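1. A predicted structure for the sequence below; I have some questions about it.
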Amino acid sequence: KHTNKHTNKHTNKHTTTKKKTACARDKKKRMKTTTNVRNRTSNRTAVSKNYKLQLPKWHLFMLFMVLAFAGFQFYWEETLKTYFDNFSFMTSPEKKARQKICFIQSVFGKPSHKSLDKPFNATPLQTENPDFEFFYFTNMPQLETPGWIRILMPDEDFAPIQSHIVMSRLPKFLAWKIHAPIQEECRVVIYFDGFYRPTANRTRFDHLASMIEQSKFGLVQDPHPQGGTLTTEFQRILRWEKDTKAHVDASLDWLRSRPDWNNTANLYWNAFIAYDPSSVHYQTASEFFWERYRKELDSWRDQPLWAYSLHHFGFNDLTVKKDPLNKYFAQDLERKGVHAYAGDVAPSVQEMVTQCKPITKEEKEEITKEIKDYEKSPKFKAKQNEVMGTAKIAAHHAAIVQYLKAKVLQPNWNILELGCAAGSMLNFVQQLYEENPESLGTHGDLVGVELVTGWVKFAQEYFPSNGNKIHVFEGDVTEFSLPEPYRKTYDFVMLNDVMEHIQKT
């Protein structure tokens with residue numbers, strides 16, 4: 001009994017110890033689990049509170065990769081692609097052979113003709129940039145063309161074409177076709193008028209070449225600086241006597257007969273034309289243009305027909321607004337000839353007076369629109385600034401003022417200016433009288449007539465408010481009568497920068 005009791009007691013004690021140990025282990029496990037759950041809950045709460053300020057590392061990595069790729073793509077387009085394009089192992093065999101940037105000019109005429117632009121010396125540019133090539137197309141073997149490859153094209157090669165102006169347009173638009181090395185060696189061809197010269201560096205021209213190669217049509221041009229419609233351009237041609245009315249009428253008749261005629265087709269500035277000589281789009285448009293132009297049935301001026309040719313084949317978005325072509329060049333007016341296309345002999349004053357006809361209603365509407373567009377240009381404001389003295393007097397105006405003082409003006413003269421703009425020249429004349437009373441005495445009436453409404457309003461407000469005795473009236477000088485008391489005989493009449501704007505017929 002004692003033994004059984006001892007054994008049972010020992011067994012019960014051992015069983016109780018095991019139970020306590022198991023309970024303690026279970027309690028510890030539950031406490032650990034509870035702590036982990038509490039910690040995870042706390043972490044989620046912390047992340048939730050700061051979610052807008054923190055991103056997981058993989059999100060940051062993806063954002064970095066997207067930004068890096070965008071930056072590289074921009075830098076590639078702007079710089080690296082042009083750089084790597086110069087390495088032969090990066091280019092196709094065809095492009096490998098065409099690495100030159102080719103400049104062309106086209107001047108045809110007689111050596112004694114005063115209208116010819118003289119070629120600039122291209123030797124320094126060609127020496128500094130071996131990948132630049134200069135091609136000069138002409139019919140004059142004795143013409144000096146330093147630094148240029150002269151392509152001689154005698155008049156006989158153009159038969160039956162008679163006009164040197166028409167002859168010059170063949171290389172201007174189709175140099176890619178008539179001279180094989182241009183097609184074989186030139187990445188791009190850049191035509192520019194004779195009195196300009198390139199001023200941009202090699203890097204900029206490389207960038208321009210890349211833009212042309214990547215463009216849809218393989219052509220870049222600036223918009224016409226004066227804008228307007230095709231009929232507006234024809235009116236300017238007549239007003240500036242760049243061609244005959246018969247030629248202009250023939251052009252308009254043909255264009256209006258075309259099924260896709262559009263008077264508002266984009267006008268471009270043909271002083272600069274930059275194209276890819278391998279572009280099928282450009283080749284097609286230029287051949288279409290020449291097929292009509294060479295017949296000598298239309299206007300000698302190429303802007304309207306070229307604008308229609310591009311419209312006919314769906315060309316658009318040819319301009320680069322942030323980097324226009326004209327910014328790659330500078331004028332060199334000392335080499336500029338006196339361009340006169342309407343005839344070798346200018347009409348006499350008597351002929352102009354007897355042949356002048358009133359303009360039509362449609363032409364008046366076009367002129368009104370042209371004036372409104374002009375009033376938005378910097379040139380419009382510049383004339384007003386010259387009157388107010390906030391801008392320096394133009395050099396040719398200064399020369400005229402000095403000539404009037406030394407050779408022309410007399411005491412008590414009544415002076416009329418036709419096309420007086422904002423009145424700057426009349427203002428300078430008045431100052432001459434005021435500053436030289438001993439030699440010039442006083443003046444009579446100073447009267448001006450002007451077509452641009454904005455200038456007339458300015459003059460009518462500015463001069464009376466400043467005590468000036470200058471009277472400006474709005475009107476067309478070809479059909480305008482002065483009101484009383486200014487309808488009188490004048491001692492001196494001025495037309496400064498005006499005659500070239502008066503339409504002959």
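-> Yes, it's here.
2. Pull the number of nearby residues for the nearest residue to Ala391 once chain neighbours are set aside.
-> In space, and not counting its chain neighbours, Ala391 is closest to Asn385: 3.6 Å by C-beta to C-beta, 6 or more residues apart in numbering. For every residue, glycine as well, the C-beta is placed using N, CA and C. The local packing of Asn385 (other C-beta atoms under 10 Å) involves 14 other residues.
3. For the host helix or strand of Asn385, which helices and strands make contact with it?
-> Element membership for Asn385, per DSSP states H and E: helix 378-388. Here helix 378-388 touches helix 424-435, helix 453-465, going by 3 or more C-beta pairs under 8 Å, 6 or more residues apart in numbering; DSSP states H and E.
4. right, and those helices - which one's nearest Tyr490?
-> Taking C-beta to C-beta, helix 424-435 is the member of the helices and strands packed on helix 378-388 nearest to Tyr490, at 12.4 Å.
5. What are the contacting residues of the helix or strand following the closest one?
-> Note on helix 424-435: by DSSP H and E, the next helix or strand toward the C-terminus is helix 437-440. Contact with helix 437-440 is made by Lys405, Leu409, Gln410, Pro411, Leu432, Tyr433, as judged by C-beta atoms under 8 Å, 6 or more residues apart in numbering.
6. could you give the mean pLDDT of stretch 374-391?
-> The average pLDDT within stretch 374-391 is 88.
7. Show me which residues of it are buried.
-> Phe380, Lys381, Lys383, Gln384, Glu386, Val387 (16 or more other C-beta atoms under 10 Å).
8. contacting residues for the first one?
-> Yep, that's Phe380 we're talking about. Counted by C-beta under 8 Å, 6+ apart, Phe380 has contacts Tyr374, Val452, Gly454, Trp455.
9. Would you check how far apart the closest residue to Asn427 other than its chain neighbours and Ala421 are?
-> Nearest residue to Asn427 in three dimensions, chain neighbours excluded: Val387, at 5.6 Å (C-beta to C-beta, 6+ apart). Separation of Val387 from Ala421 (C-beta to C-beta, to the nearest Å): 9 Å.
10. sorry, back to before: list just the nearest of the buried residues of stretch 374-391 to Leu67.
-> Once C-beta to C-beta is applied, the member of those that ends up nearest Leu67 is Lys381, at 43.8 Å.
11. Quick check on the residue lying closest to Leu297 once chain neighbours are set aside: phi, psi?
-> Excluding the flanking residues, the one nearest Leu297 by C-beta to C-beta, 6+ apart is Ala250, at 5.5 Å. Backbone geometry at Ala250, expressed as degrees, to the nearest 10, gives phi -60, psi -40.
12. Low-confidence regions, the stretch 101-250 of the chain specifically.
-> Low-confidence segments of the stretch 101-250 of the chain (pLDDT under 70): 111-115.
13. And the helices in the stretch 201-350 of the chain?
-> Applying DSSP state H, counting those that start in this stretch to the stretch 201-350 of the chain gives helices spanning 202-214, 230-239, 245-257, 280-293, 303-312, 349-355.
14. where does Phe137 land in three-state SS?
-> Of the three states, Phe137 takes strand under DSSP: H, G, I helix; E, B strand; the rest coil.
15. Just grab the bridge partners of it for me.
-> Ser106, Ile151 (DSSP bridges).
16. Quick one: residues contacting it.
-> Ile104, Gln105, Ser106, Val107, Phe108, Ile151, Met153, Ser168, Leu170, Pro171, Ala175, His179.
17. 6 Å - rerun?
-> Ser106, Ile151, Met153, Pro171 (C-beta atoms under 6 Å, 6 or more residues apart in numbering).
18. I'd say the first one and Ser168 touch.
-> Yes: under the criterion of C-beta atoms under 6 Å, Ser106 lies in contact with Ser168, with a separation of 4.5 Å.
19. any idea how far Lys177 is from Thr390?
-> 52 Å.
20. Next: Pro130.
-> 26 Å.
21. residues in contact with stretch 167-178?
-> Against stretch 167-178 from outside (C-beta under 6 Å, 6+ apart): 104, 106, 108, 137, 158, 161, 182-183, 189, 191, 277, 286, 289-290, 302.
22. and which of those is nearest to Thr229?
-> Asp302 (16.6 Å).
23. Now do the helices in the stretch 51-200 of the chain.
-> So, for the stretch 51-200 of the chain - with DSSP H, counting those that start in this stretch - the helices run 57-75, 81-84, 93-97, 123-128, 164-178, 180-185.
24. average model confidence for the second one?
-> For helix 81-84, mean pLDDT rounds to 44.
25. Then stretch 265-282?
-> Rounded mean pLDDT across stretch 265-282 is 96.
26. circling back: among the contacts of Phe380, which ones are buried?
-> Among the contacts of Phe380, those classed as buried by neighbour count (16+ other C-beta under 10 Å) are Val452, Gly454, Trp455.
27. Report the spatially nearest residue to the first one, omitting neighbours in sequence.
-> Read that as Val452. Ile371 (5.4 Å).
28. Noted, bye for now.
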